[in-house]
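Asks: no sequence for this one, just the structure:
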Ligand SMILES: [Zn+2]
């Protein structure tokens with residue numbers, strides 16, 4: 001934007017790179033912060049850094065956990081069913097499924113979906129560790145809860161070809177979720193129904 005000092009422009013650009021934020025919102029956010037006391041900026045900057053330095057991924061399920069923790073809370077919870085595994089795209093999806101209260105098994109976070117167009121193959125996702133977990137033999141059902149999108153479906157089918165020889169039941173969330181939408185936008189009841197009505201893949 002013409003006529004703006006470089007730091008203002010830099011912050012607008014940084015906001016614009018965030019998902020769902022267009023140029024207008026980016027400018028509004030930057031000017032809002034400009035008007036706030038320095039403490040607001042400092043707290044925001046510290047939170048932005050801490051999310052990288054004070055967190056890590058659970059080595060078992062790849063959900064986000066506090067740095068230095070051996071495993072995440074869900075993996076550490078011995079009351080949870082070890083025979084059911086819910087496979088999701090992103091850590092946020094774990095929270096979404098947890099919020100329904102309808103699942104008491106374990107999770108596996110893929111950190112994305114297969115996308116030949118974007119050059120994302122199985123080796124870019126946490127698929128190998130998933131296969132290793134299933135190969136250990138405790139898991140009896142793998143619920144594939146990837147989004148009902150083309151990539152989500154393709155990922156589910158790929159997982160089926162990999163998991164089928166291991167003799168586990170493979171299910172997919174029932175239709176009824178908005179097609180093309182992310183499971184994170186589904187309301188709790190819809191997701192609960194999709195979970196309860198899951199079908200063999
Ligand atoms: Zn975990």
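Replies: Okay, I see it. Everything numeric here is computed off the predicted structure, so don't read it as measured data.
Asks: Tell me which helix or strand in this structure has the weakest average pLDDT.
Replies: helix 188-196 (a mean of 85; mean pLDDT, DSSP states H and E).
Asks: Now do the same contact list for residue 170.
Replies: 141-142, 144, 159-160, 163-164, 200-201 (C-beta atoms under 8 Å, 6 or more residues apart in numbering). (C-beta placed from N, C-alpha, C; glycine too.)
Asks: sorry, back to before: which is the next helix or strand following the least confident helix or strand of the chain?
Replies: strand 199-200 (DSSP states H and E).
Asks: Which other helices and strands does that following strand contact?
Replies: strand 169-172 (3 or more C-beta pairs under 8 Å, 6 or more residues apart in numbering; DSSP states H and E).
Asks: how about the helices in the protein?
Replies: 6-16, 23-35, 38-53, 73-76, 91-100, 127-135, 150-163, 188-196 (DSSP state H).
Asks: Now do the third one: which elements does it pack against?
Replies: In this case it means helix 38-53. Against helix 38-53 (3+ C-beta pairs under 8 Å, 6+ apart) you get helix 23-35.
Asks: Out of the contacts of residue 170, which are close to the ion?
Replies: Applying C-beta under 5 Å from the ion, the subset of these adjacent to the ion is empty.
Asks: just those: which has the poorest pLDDT?
Replies: Lowest model confidence among the contacts of residue 170 falls on residue 201, which carries 86.
Asks: what sits against that residue?
Replies: 144, 156-157, 160, 170-172.
Asks: one more time with 10 Å
Replies: Listed by C-beta atoms under 10 Å, 6 or more residues apart in numbering, the contact partners of residue 201 are 142-144, 153, 156-157, 159-160, 163-164, 169-173.
Asks: same thing with residue 194?
Replies: So residue 194 contacts 100, 102, 145, 148, 172-177, 183, 186 (C-beta under 10 Å, 6+ apart).
Asks: which stretch in the helices of the chain has the least confidence?
Replies: Mean pLDDT per stretch puts helix 188-196 lowest among the helices of the chain, at a mean of 85.
Asks: tell me which residues in that one are buried?
Replies: Using 16 or more other C-beta atoms under 10 Å as the test for burial, helix 188-196 gives 190-195.
Asks: quick check, nearest of those residues to the ion?
Replies: residue 195 (19.3 Å; C-beta to the ion).
Asks: I'd guessed that closest one sits against residue 99; true?
Replies: No - at 11.6 Å, residue 195 and residue 99 do not qualify as touching, with contact defined as C-beta atoms under 10 Å.
Asks: hmm, back to that, next, the angle from the least confident helix or strand of the chain to helix 91-100.
Replies: Following axes from the mean of the first three to the mean of the last three C-alpha atoms, to 10 degrees, one obtains 100 degrees for the angle between helix 188-196 and helix 91-100.
Asks: how much distance is there from helix 188-196 to the middle of the chain?
Replies: 18 Å (C-alpha atoms, centre = their mean, to the nearest Å).
Asks: dump the residue contacts of the residue sitting nearest the centre point of the chain.
Replies: By C-alpha atoms, centre = their mean, the chain has its centre lying nearest to residue 90, at 1.1 Å. By C-beta under 10 Å, 6+ apart, the contact set of residue 90 is 63-64, 96, 109-113, 146-147, 182-184.
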